[in-house]
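**Student:** Got a predicted structure here, sequence first:
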Amino acid sequence: MAKPEIKPRTLPGFQDFLPARASGRQRMLDTIRRVYELHGFAPLDTPALEYEEVLTGQLESDKEIFRFRDQDDRHVALRFDLTVPLARVVGEHGQDVPRPFRRYHMAKVWREDKPKPGRFREFMQCDVDIVGVPSVQGDIEILSVMLETLSALGLQRFQVRINHRQLLTAMIERAGVDAALTDDVLRTLDKIERLGWDTVVKLLSNAPADKLEGIDAIPLGLARESVEQLRGFIEIGGDPAQVLESLRAYFGDFAGAQRGIDDLQAIHDALVDQGVPAETWRFDLSIARGL
């Protein structure tokens, strides 16, 4: 009996790179690697497959992870980013990892979500990180590398947007919101660009039982006064110097925000001293994703 014909095809969210595209991507990766190494970062490579518990231990939701059981019945999973493997390397190898640890990692990662336009289930990340520098100087160096890399790639129009987690936490505390809701508030604020402020206000202020049709999120039931204070922070804008001035006016002598403001001031001063074009970076207090 003849075997059924197998149609050659790729899985949704995956793609082939034929020579022309592969060559272009390789030139791009070579440029990124060159900038990283000029700044003294060393390469790191880690396995694509990790113990599942290592990848998921700190996640509230792990629906996007490809997971398997190997032949020895171990629970394993494909890495979904390059940051968790970095943390695992530092934790596992301890004193064998120098401090500060300046590493770059350029490799594929995988996420098991439904593919959307412009999004894939297998894609490249080009990470650069410094471990062991507790001051803002590490952040300044990473930002400088990012800006230089984008310029080296020949991009004519780009902008790096910068926020500070401590300012977000201070914003929530100043607004009188229960600290236990911090992550929920940040996840909701992250939807502003996609849903618009009017919808986000409803997600913040509606009672939990008063869900919005077509939106998979539970409203938080915050007081209207708290929501307006959050909005006052998010809508602070202008050039970096203006944002810093507005932040000082918004927080006044509120101690919880001082380090965040000082760090942004240090970033501002460093990028200005380096002559980084003003149009390529700004402070954006609406950024909550990934922080």
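**Tutor:** That came in fine, so what should we check first?
**Student:** The stretch 1-150 of the chain: helices as residue ranges?
**Tutor:** Listed in chain order, the helices of the stretch 1-150 of the chain (DSSP state H, counting those that start in this stretch) span residues 19-38, 52-56, 83-93, 136-152.
**Student:** got a list of contacts for the longest one?
**Tutor:** Just to be clear, that refers to helix 19-38. For helix 19-38, the surrounding residues in contact (CB atoms under 8 Å, 6 or more residues apart in numbering) are 17, 43, 104, 106, 124, 126, 128, 145, 148-149, 152-153. The way it works is simple: take the backbone N, C-alpha and C, and place the C-beta from them, glycine included.
**Student:** repeat that for 6 Å
**Tutor:** With contact meaning CB atoms under 6 Å, 6 or more residues apart in numbering, helix 19-38 is reached by 104, 106, 126, 128, 148-149, 152-153.
**Student:** From these, keep the buried residues only.
**Tutor:** Buried members of the contacts of helix 19-38, counted by 16 or more other CB atoms under 10 Å: 104, 106, 128, 148-149.
**Student:** Touching, T182 and I172? I think so.
**Tutor:** Yes: contact criterion CB atoms under 6 Å: T182 and I172 qualify, at 5.4 Å.
**Student:** I'd like the next helix or strand past the helix or strand of the chain with the lowest mean pLDDT.
**Tutor:** Counting by mean pLDDT, DSSP states H and E, the chain has its least confident helix or strand at helix 192-195, which shows a mean of 88. Later in the chain than helix 192-195, the nearest helix or strand by DSSP states H and E is helix 197-205.
**Student:** Look at I234 and say how many residues are nearby.
**Tutor:** 19 (other CB atoms under 10 Å).
**Student:** circling back to that earlier point, check the buried ones among the contacts of helix 19-38 and tell me the two furthest apart.
**Tutor:** M106 and E148 (16.0 Å; CB to CB).
**Student:** any weak-confidence spans in the stretch 51-200 of the chain?
**Tutor:** Applying pLDDT under 70 to the stretch 51-200 of the chain flags the ranges 58-62.
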